[in-house]
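Trainee: sequence? don't have it. structure:
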């Protein structure tokens, strides 16, 4: 059970970083933090509807994994 908890903690750290990064990469409505990372290549890629939809899918998938890992860790800690 201890090994599963360690794996969940590592997975939680990785998914937290990925979720933060993917949220910051979304196109902003009027500037802000998302425009801070805008370079020549990323700006042209972000203007594409397909790239934005793929980023939405990646963000939702990472968020689902994050929620599942948090729930598993909660159950492990509760019944340990």
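Mentor: Nice, thanks for sending it over. Computed from a predicted model, the values in this text were never measured in an experiment. Numbers count the residues shown, from 1 in each chain.
Trainee: show me what contacts residue 74?
Mentor: Listed by C-beta atoms under 8 Å, 6 or more residues apart in numbering, residue 74 has no contact partners. The C-beta positions use only the backbone N, C-alpha and C, and glycine is treated the same way.
Trainee: roughly how far apart are residue 20 and residue 49?
Mentor: Distance, residue 20 to residue 49, by C-beta to C-beta, to the nearest Å: 24 Å.
Trainee: my bad, residue 16
Mentor: For residue 16, the distance to residue 49 - C-beta to C-beta - is 28 Å.
Trainee: between these two, which has more neighbouring residues?
Mentor: residue 16 (14 against 7; other C-beta atoms under 10 Å).
Trainee: any idea of the mean pLDDT in the biggest helix by length in the chain?
Mentor: Assignment by DSSP state H gives helix 49-78 as the longest helix of the chain. For helix 49-78, the mean pLDDT works out to 94.
Trainee: buried residues in it?
Mentor: Residues of helix 49-78 classed as buried by neighbour count (16 or more other C-beta atoms under 10 Å): 55, 59, 62, 65-66, 69, 72-73.
Trainee: also stretch 14-28?
Mentor: Across stretch 14-28, burial judged by 16+ other C-beta under 10 Å covers 15, 18-19, 22, 25.
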